[in-house]
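Novice: build the 3D model from these lines:
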Amino acid sequence: SSGINAEYGDDDPDRLTKRLLIQQEKEHLKLSLSSLPKVVIDCAYTHLMSEKEMNKTRSQVQRCYSLLKRTNLKPFHLHLGNLEKTSELYQTFLQKTDGFENMSITVFPGCVFEEFHPSELVYLSPDAEEPLLTISPHSVYVIGGLVDDNIKRGASRNRCERAGVRTARLPIQEHWERPNHKQCVLTINQVFEILLLVHNGTMWKDALEQVMPKRKGLAAGG
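Specialist: Model prediction:
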């Protein structure tokens, strides 16, 4: 261990442990860039958001990125799509997220529907009829970059129908008693975390209970 300490020029074991942990997290983030499945946050909704809501979107994306640092979980390859460098949202990321351009995220300016083949895409929408029951490494899962207090009913579903892209919703009503529409609309990072947990072997019901806020009137179903 003295050799490791000498290499870091530091004899404090706590600081050394922290440095090693940070190094492990960095390596895990790099690993995510070659991991499957791909999860895309679709930033096509900037025009529907206020400056405050754009900052909330940025904050939620940052929480998704933090989840990828958890070295005990197999990561996703995180993408930000429809994100032009000239856009207000991109500028918000640059100004308020340290080291944004060096993060282990794939950013592309084009439309998600053109970047990937429509047959690969599964667009997650609370308005979809089909529940998502399995997560496949061969699919590309898309989360709409809309914050939850800016619910535009059918916004993503209508776009997908026009483009011939499959939509699916998290299986909330299959595992919870009588959720209403608003209770089925989660934040970007909540959807991301549920997907990540299920990808790592957690049952849907357990993942939903772990992540979803315990709202009034929302009780676990059988």
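Novice: tabulate the CA atom coordinates of stretch 48-55 in CSV.
Specialist: C-alpha atoms of stretch 48-55 as CSV (Å, rounded to 0.1, in the frame of the first residue of the first chain):
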residue,chain,number,x,y,z
LEU,A,48,-42.3,24.2,-24.9
MET,A,49,-40.2,25.2,-21.9
SER,A,50,-39.5,28.3,-19.9
GLU,A,51,-35.9,29.1,-18.8
LYS,A,52,-36.7,27.7,-15.3
GLU,A,53,-38.0,24.4,-16.8
MET,A,54,-35.0,24.1,-19.0
ASN,A,55,-32.8,24.4,-15.9
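Novice: could you list the buried residues of that stretch?
Specialist: By neighbour count with 16 or more other C-beta atoms under 10 Å, stretch 48-55 contains the buried residues 49, 53, 54, 55. Every residue, glycine included, has its C-beta placed from N, CA and C.
Novice: of all those, which comes closest to residue 84?
Specialist: Within the buried residues of stretch 48-55, the smallest distance to residue 84 is 13.5 Å, found for residue 54 (C-beta to C-beta).
Novice: what sits against the closest one?
Specialist: Applying C-beta atoms under 8 Å, 6 or more residues apart in numbering to residue 54 gives the contacts 46, 88, 89, 92.
Novice: again with residue 121
Specialist: 112, 113, 139, 140, 142, 165, 166.
Novice: which two among these are spaced furthest apart?
Specialist: Pairwise over the contacts of residue 121, using C-beta to C-beta, the maximum falls at 113 and 139, 14.5 Å.
Novice: which residues touch the residue most central in space within the chain?
Specialist: Relative to the mean C-alpha position of the chain, the nearest C-alpha, by C-alpha atoms, centre = their mean, is the one of residue 192, at 3.6 Å. For residue 192, the contacting residues are 39, 41, 63, 64, 67, 76, 143, by C-beta under 8 Å, 6+ apart.
Novice: and it, how close does it get to residue 85?
Specialist: Note on residue 192: its distance to residue 85, by C-beta to C-beta, to the nearest Å, is 23 Å.
Novice: on the C-terminal side of the longest helix along the chain, identify the next helix or strand.
Specialist: The longest helix of the chain (DSSP state H) is helix 13-32. Later in the chain than helix 13-32, the nearest helix or strand by DSSP states H and E is strand 38-42.
Novice: using CSV, write out every CA atom in that following strand.
Specialist: Extracted C-alpha coordinates of strand 38-42, given in CSV (Å, rounded to 0.1, in the frame of the first residue of the first chain):
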residue,chain,number,x,y,z
LYS,A,38,-28.7,3.0,-25.4
VAL,A,39,-30.9,5.5,-23.6
VAL,A,40,-31.6,8.8,-25.3
ILE,A,41,-33.0,11.9,-23.7
ASP,A,42,-34.9,13.7,-26.5
